[in-house]
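give me a 3D structure for the following:
(one chain, ligands or ions: 1)
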Amino acid sequence: MRITGLMVQYYKSCTTELWYLAHGIIPQQEDENLRIGRFIEEQYKKREKTRNVIVDDSVSIDLLNSLGEVVEIKKSKKMNEPKLYQLYYYLLKLKRKGINLQARMVIPIERKTIRVSLTPEIERELEKIEKEIVQIIKEKKPIEPIRKPYCKKCSYYELCWSD
Ligand code: SF4
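Below you'll find the model as predicted:
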């Protein structure tokens, strides 16, 4: 089973969402927020001349040529922790290949950069997370949803709370 950075991010934000993603239930990508996010990301990548690499056929990583760092571009700093774990996971994937890099999360519209590096504690936590993700994906039915403040903005809202 191939675990991706996005799965790690969803594990941290919502395991029901993780289950949907892993089972190929993908929301429509025409949401206004997603479009804005994609535009910001494309502009940044063009300006900074990032390079994309795929690790283990499953993890797509953008590299900042000028600094030799992994970079993740985000629209806002909301829901920071799950997004940071996505980046940590990229660093772990690279480390397992013998490549030790630093990373940065860039939020262009807020002119913010968050530096990210892997620590032994985070590494151990990610190993545990990988095992738990496998268990979640093996479930035959979606994980029972737990209501969160951001559910109303989630693309899976109707699937979780239609009744
Ligand atoms: S609507 Fe809420 S519970 Fe359902 S997948 Fe989205 S965030 Fe998770």
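
who in this structure is up against the ligand?
By CB under 6 Å from any ligand atom, the residues of the chain that approach the ligand are 14, 16, 17, 145, 148, 151, 154, 156, 157, 160. Quick note: C-beta positions are derived from backbone N, CA and C, even for glycine.

how does it look with 8 Å?
For the chain, the residues in contact with the ligand (CB under 8 Å from any ligand atom) are 13-17, 20, 145-148, 150-152, 154-157, 159-161.

show me those that map onto helices.
Using DSSP state H, the subset of the residues of the chain next to the ligand located in helices is 13, 15, 16, 17, 20, 157, 159, 160, 161.

now do the buried residues in the lowest-mean-pLDDT helix or strand in the chain.
Within the chain, no helix or strand scores below helix 32-48, which has a mean of 83 by mean pLDDT, DSSP states H and E. For helix 32-48, the neighbour count (16 or more other CB atoms under 10 Å) marks 40, 41, 44, 45, 48 as buried.

so after it, what's the next helix or strand?
Under the assignment DSSP states H and E, the closest C-terminal helix or strand after helix 32-48 is strand 50-55.

send the alpha carbons of that following strand over as PDB?
Extracted in PDB, the C-alpha atoms of strand 50-55 (Å, rounded to 0.1, in the frame of the first residue of the first chain):
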ATOM      1  CA  THR A  50      10.800  24.800  -8.700                       C
ATOM      2  CA  ARG A  51      11.400  21.300  -9.900                       C
ATOM      3  CA  ASN A  52       9.100  18.400  -9.300                       C
ATOM      4  CA  VAL A  53      10.300  14.900  -8.400                       C
ATOM      5  CA  ILE A  54       8.200  11.700  -7.700                       C
ATOM      6  CA  VAL A  55       9.400   9.400  -4.900                       C
END
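
adjacent strands (with direction) for that strand?
strand 59-64 (antiparallel) (DSSP bridges).
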